[in-house]
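>>> here's my sequence, what's the structure:
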Amino acid sequence: MCKTIKQKVKFKASPMTIYQCIADSKKVTSLTGETATISKHIGGTFFTMSGKISGIIVDLAPSKRIVQAWRRTDFPEGIYSMATFTFKETSEGGTEVVLTHRGVPKELIPDIEEGWRQNYWDKIRNVVKTNSI
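Residues are numbered from 1 along each chain as shown. From the prediction side, this is the model:
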């Protein structure tokens, strides 16, 4: 059985800055410390966390939305989940990101939820705070 992860986080940086922290190969590699190769085109592929995560870019709207058919190497064969990131400018000039990650195998939910927090949200917050983007 598969489940949905939903996380909402705010950052003190523009939607485009936060979008690039998720969509740009060099920025993701720098952020996570793991190799990332991410296509900038719909239908292209991506690999992050040194190949532990891979998939297909389903939709891109710079500074607004990213949709990925997403899988980890420990997913059952042929199973992909759908990770959707929406970026919205806040009234303070920052960004609210909503991650809706559907179709995650139930037994992997806690690990993947924590992975988003540790490998992305906490690290993005740190680079935004130090202006090292």
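>>> all helices for this structure, in order.
15-23, 25-32, 109-116, 122-129 (DSSP state H).
>>> which of the ones you listed is buried the deepest?
helix 15-23 (a mean of 21; mean count of other CB atoms under 10 Å). All C-beta spots, glycine's among them, are computed from the backbone N, C-alpha and C.
>>> which helices and strands does it pack with?
Taking 3 or more CB pairs under 8 Å, 6 or more residues apart in numbering; DSSP states H and E as contact, the helices and strands that helix 15-23 lies on are helix 25-32, strand 65-72, strand 81-89, strand 95-105, helix 122-129.
>>> got a markdown table for those, with distance to residue 10 and mean pLDDT too?
As requested, the helices and strands packed on helix 15-23 are arranged in a markdown table below (distance: least, CB to CB, whole Å; pLDDT from 0 to 100):
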| stretch | distance to residue 10 | mean pLDDT |
| --- | --- | --- |
| helix 25-32 | 17 | 94 |
| strand 65-72 | 17 | 98 |
| strand 81-89 | 10 | 98 |
| strand 95-105 | 5 | 97 |
| helix 122-129 | 9 | 91 |
